[in-house]
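Participant: need coordinates for the following:
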Amino acid sequence: MQAVAPTRQTYRFGPFEFQPRTGELRKQGRKVRLREQPGQILTLLLARPGELVTREEARQALWPGDTFVDFDVGLNSAVKRLRDALDDSAEQPRFVETLPRRGYRFIAAIEADAPAAEHVEAIPPASPLPEVVTAGTTDRRWPKLAIAALAVLGAVGAVLALRARPGPPAVPTTAGPITSIAVLPFENLSGDREQDYFVDGMTDALITSLAQLRALRVISRTSVTQYKKTDKLLPRIAADLNVEAVVEGTVVRSGNRVRVTAQLVHAATDRHLWARSYERELSDILTLQAELAGAIAQAVQVKIRPDEQQRLARTAVVNPAAYDVYLKGRFHLFSPGGLPKAAEYFQQAIAADPAYAPAYSGLSDTYRLSGGRAARPSESMPKAEAAARKALALDDTLAEAHASLAGVLYRYQWDWEGAEREFQRSLDLDPSYAEGHRAYAVYLLTVRRNDEAVAEARRAVALSPLSPTMNVELGGALVRVGRYDEAIDQAHKALEIDPRFGRAHMVMATAHEGRGDRARAVSALEDAAALGGGGRSAWLGYFYGISGRRREALDVLASIEERARTQYVSPQQFAVVHLGLGHQEEALAFLEKAYDERAFEVLGFSGPLFDQLNADPRFRDLLRRMRLPTA
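Facilitator: Numbers count the residues shown, from 1 in each chain. Sure thing, here's the model as predicted:
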C-alpha cells in the first residue's frame, strides 16, 4: 500500500533538531544556519540512518541537469558546510561518516517523530534493515525495526516533499545575466591561522578582477568582510548587500602550492550555478586569479567589453616572495594603526621584485594616508606621488594607482584638472571601485560641484553599503546641498554599522548647524569626543566658540597645542578654533601657514565654514593661489 507523504517530521540527534520540510536545523532550541544543499544532504542521510548514501545518489538529488558544476567540489563543499553546522569533523565524526570514494553515512542515534498520515502501512523490507539504536525504546528488536521503518518511510516522503514542494525555481545558467554580485570572504582551510592574510588577499584579488566589468556591480571588500565566519543565512546577506548572486570559496596553501575552490550561488534560492577548483604554484597565482575571474564572468553571462576581456585574460608569472609580503602589506593597510607595518611589507615586496607594480601602488597609499596625520605633507606626499607614478609606469591599468595619484594631485599639488583625469581613468578601469567613487565625491565637494558629489557618493554606498565611511561621506555631501534630515539619517546608518565611528557625529553636527540647532550640533561633537582616540576636535572648539562657550573653546585650543608638541598637527585646526572665537586675524595667519606647508584638509577648507572670510581680500587671494572657487 502506498504511504502518504507525512505532514510533520522532526529528527532529534544529540543536541540538534531537524525538520526536513522546512530545512530548519536547531541546536538546543536556537536556529543554526543551514543552507539548502547541506540540508538536502542531511535529509538524505536521515532517511537511511546507518546506510551508505553514495556520491552519485547525492549528485542526482542535489544538482539538476542544466546546472554546470564541478560535482566533486560542490559535494565536498556541501558536506563540509553540513559538518560545520553540526560541529562535526571528518577525522572524528559524531554524525556524518565518510566512506572514502563511496559516499557518506549518518552514524548517530536518532529520535524521530512518527509521521502524521492518512494511512501508513509498514511493509517488511526485502533485506534486513540495519539495527538503529533509537533513544526512548526498549531493547526488543521489533519496535526498533518498526520505528526504523517508519522513520525511513517518513524521511523518504520528506525528501520527495522537499524536492517537489512549490518554491522559487532553480536558476539555471540560461536564466539570463546576473548584474550584481558579492564575493564573500574565502575560507582558510590550510589549518594555519597565519595564512589568513593570504586568503584575504585571494578574496580581494577576485573582487578587483570582477570589478573591472562595467556590466557587473561588485560589492567592495569593506562590506563583505563583515560576513567572515558569519552564521547569517545567504538570502539575508544578499538582501543586506542588494545583490543577485554571491561567490563563496576556500583556499588551501601548502608551501608554494595553492588550491582554490569557488562556487557561484543564486542568492535568493541558495542554488549553485557554477563551481570549480584550481590548483597552481604560487608563481602562477595571477594565472589562477585570471582564470577564476574569467570563469565567473562567463557564468554570470554579463556583456564583457574587448578591453575588459583583455585585462581578465592577462596572465603573468609573479615572484612568490614579492607576492607573499605584498599581501601582508595589503592586510595591514586596512588595520588600525597598520600604516607603518604596511609600508615595511610593501618595501620588502619591491626589494624582492623591483618590477612588481602593485607593491608601488600600495606604498603610495601608505604615504598618502599618513600625509597630514602622522607626517608633514611635505615629507610624505612627494613620496606618495613618486610611488604612484612608478606603479603606473610599470602597469597603467592599476585603478588603485590612478586613484592614489589623483589624491596627491588635488590634496597636495592643487592640480584639480590632473586629479580629475586620474579619477576618471581609475573608475573607467574599475567601475565598482567603491573607494575610488568615495574619493572622487570628496574631490567634487572640494571644487563645489555638490550635486555631482552626492551622485558619486551614492554610487560608493551602493558598492559598499556596510561601510560606515561611505555612508558618512554621503551624509556630508547631503549637508552641502541642504538636505539635512537625510544627512542625519545617513549618519545614523553609519553608527548602526559602527557605534564608535566618530565622523558620523561630525556629519550630524554640521547638519544640526544647518538646521539652526546649534545646541544639538555641540552635543553631537561632544559625543564624538567621548569616544576617545583623537581628543577633542577643532570643530568642537569652533562650535563652543560660536555658541558663546568661550572657556571651553580655549580649552580645546590648548589641547590642540599640547598635541602639536608631540605630533604633526595642521595649522588649519588652529584656524578653525580661532574662527569660532571670532579671531579673524589669527585664523587668516594660520591659514597662510597651512598654505606654506600645503597642509590643508581640503574638504573642510573648501566648505561653508570659511565662507565667512570671503569679504576679506586676503582670503580671496588665498583661494586664487590655490585655484579654488569662491562661494
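Participant: determine the number of other residues adjacent to residue 582.
Facilitator: Residues near residue 582, counting by other C-beta atoms under 10 Å, number 12. In short, each C-beta sits where N, CA and C put it, glycine included.
Participant: hang on, I meant residue 52
Facilitator: Counted with other C-beta under 10 Å, residue 52 comes out at 14.
Participant: residue 512 and residue 491: what is the separation?
Facilitator: 10 Å (C-beta to C-beta, to the nearest Å).
Participant: can you tell me the element the residue nearest the centre of the chain falls in?
Facilitator: Centroid check for the chain by C-alpha atoms, centre = their mean gives residue 224 as the closest residue, at 2.0 Å. Residue 224 belongs to helix 221-224 when assigned by DSSP states H and E.
Participant: with residue 91 instead?
Facilitator: Counting by DSSP H and E, residue 91 is part of no helix or strand.
Participant: so what's the residue nearest to the centre of the chain up against?
Facilitator: Listed by C-beta atoms under 8 Å, 6 or more residues apart in numbering, the contact set of residue 224 reads 182, 183, 184, 185, 203, 207, 241.
Participant: what would these look like in CSV with secondary structure, pLDDT and neighbour count?
Facilitator: Listed next are these as CSV, based on DSSP: H, G, I helix; E, B strand; the rest coil; pLDDT from 0 to 100; neighbours: other C-beta atoms under 10 Å:
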residue, secondary structure, pLDDT, neighbour count
182, strand, 95, 25
183, strand, 94, 29
184, coil, 93, 20
185, coil, 92, 21
203, helix, 91, 21
207, helix, 92, 23
241, helix, 93, 25
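Participant: most widely separated two among the residues you listed?
Facilitator: Spatially, the most separated pair among the contacts of residue 224 is 203 and 241, at 14.5 Å (C-beta to C-beta).
Participant: circling back: how far off centre is the helix holding residue 224?
Facilitator: Put simply, helix 221-224 sits 1 Å off its chain's centre (C-alpha atoms, centre = their mean, to the nearest Å).
Participant: give me the buried positions along that helix.
Facilitator: Judged by neighbour count using 16 or more other C-beta atoms under 10 Å, the buried positions of helix 221-224 are 221, 222, 223, 224.
Participant: surely the second one meets residue 461?
Facilitator: Yep, that's residue 222 we're talking about. No: counting by C-beta atoms under 8 Å, residue 222 stays clear of residue 461, with 11.2 Å between them.
Participant: what is the burial count for residue 379?
Facilitator: Counted with other C-beta under 10 Å, residue 379 comes out at 13.
Participant: wait, a strand at it?
Facilitator: No: Residue 379: not assigned to a strand; according to DSSP: H, G, I helix; E, B strand; the rest coil it is helix.
Participant: tell me how far it lies from residue 406.
Facilitator: Counting by C-beta to C-beta, the gap from residue 379 to residue 406 is 20 Å.
Participant: next, count neighbours for residue 466.
Facilitator: Here the number of neighbours of residue 466 (other C-beta under 10 Å) works out to 22.
Participant: give me the phi and psi angles of it.
Facilitator: phi -100, psi 20 (degrees, to the nearest 10).
Participant: quick check: it touching residue 222?
Facilitator: Yes: assessed by C-beta under 8 Å, residue 466 is found in contact with residue 222 at 7.1 Å.
Participant: which ones are touching residue 339?
Facilitator: Residue 339 sits in contact with 332, 333, 366, 369, 370, 374, where contact means C-beta under 8 Å, 6+ apart.
Participant: among those, which one has the most neighbours?
Facilitator: That'd be residue 366 among these, by other C-beta under 10 Å, with 28 neighbours.
Participant: that residue falls within a helix, correct?
Facilitator: Yes: assessed by three-state DSSP, residue 366 belongs to a helix.
Participant: who touches it in this structure?
Facilitator: 329, 333, 339, 340, 342, 343, 346.
Participant: and the fourth one, what element?
Facilitator: Read it as residue 340. helix 339-352.
Participant: cool, the first one as well?
Facilitator: Mapping residue 329 onto the secondary structure by DSSP H and E places it in helix 320-333.
Participant: off-centre distance for that helix?
Facilitator: 19 Å.
Participant: buried residues of that helix, list them for me.
Facilitator: 320, 322-333.
Participant: do stretch 339-352 as well
Facilitator: In stretch 339-352, counting by 16+ other C-beta under 10 Å, buried: 339, 341, 342, 343, 345, 346, 347, 348, 349, 350, 352.
Participant: closest to residue 507 among the residues you listed?
Facilitator: Top of the list for closeness to residue 507, among the buried residues of stretch 339-352 and by C-beta to C-beta, is residue 339 at 24.5 Å.
Participant: please report the distance of the closest one from residue 216.
Facilitator: 31 Å.
Participant: swap in residue 565?
Facilitator: For residue 565, the distance to residue 216 equals 51 Å [C-beta to C-beta].
Participant: so residue 540 touches residue 527, yeah?
Facilitator: No: the pair residue 540 and residue 527 fails to qualify as a contact (C-beta under 8 Å) at a distance of 10.2 Å.
Participant: who has more neighbours, those two?
Facilitator: residue 540 (28 against 16).
Participant: which elements pack onto the strand or helix carrying that one?
Facilitator: Using DSSP H and E, residue 540 sits within helix 538-546. The contact analysis (3 or more C-beta pairs under 8 Å, 6 or more residues apart in numbering; DSSP states H and E) places helix 538-546 against helix 502-514, helix 518-530, helix 550-564, helix 571-580.
Participant: I'd like to know which elements the third one is packed against.
Facilitator: With contacts defined as 3+ C-beta pairs under 8 Å, 6+ apart, helix 550-564 has these neighbours: helix 538-546, helix 571-580.
Participant: ok, residue 476 to residue 438 distance?
Facilitator: Distance from residue 476 to residue 438, by C-beta to C-beta: 11 Å.
Participant: residues shared between the contacts of those two?
Facilitator: By C-beta under 8 Å, 6+ apart, the residues touching both residue 476 and residue 438 are residue 457.
Participant: what's the weakest-modelled helix or strand in the protein?
Facilitator: Among the helices and strands of the chain, helix 141-164 carries the lowest confidence by mean pLDDT, DSSP states H and E, at a mean of 35.
Participant: tally of neighbours for residue 614?
Facilitator: 12.
Participant: other residues contacting the host helix or strand of residue 451?
Facilitator: Element membership of residue 451 [criterion: DSSP H and E] is helix 450-463. Contacts with helix 450-463, where a contact means C-beta under 8 Å, 6+ apart, come from 217-220, 242, 432-435, 437-438, 440-442, 444-445, 467, 470-471, 473-474, 476-478, 480-481.
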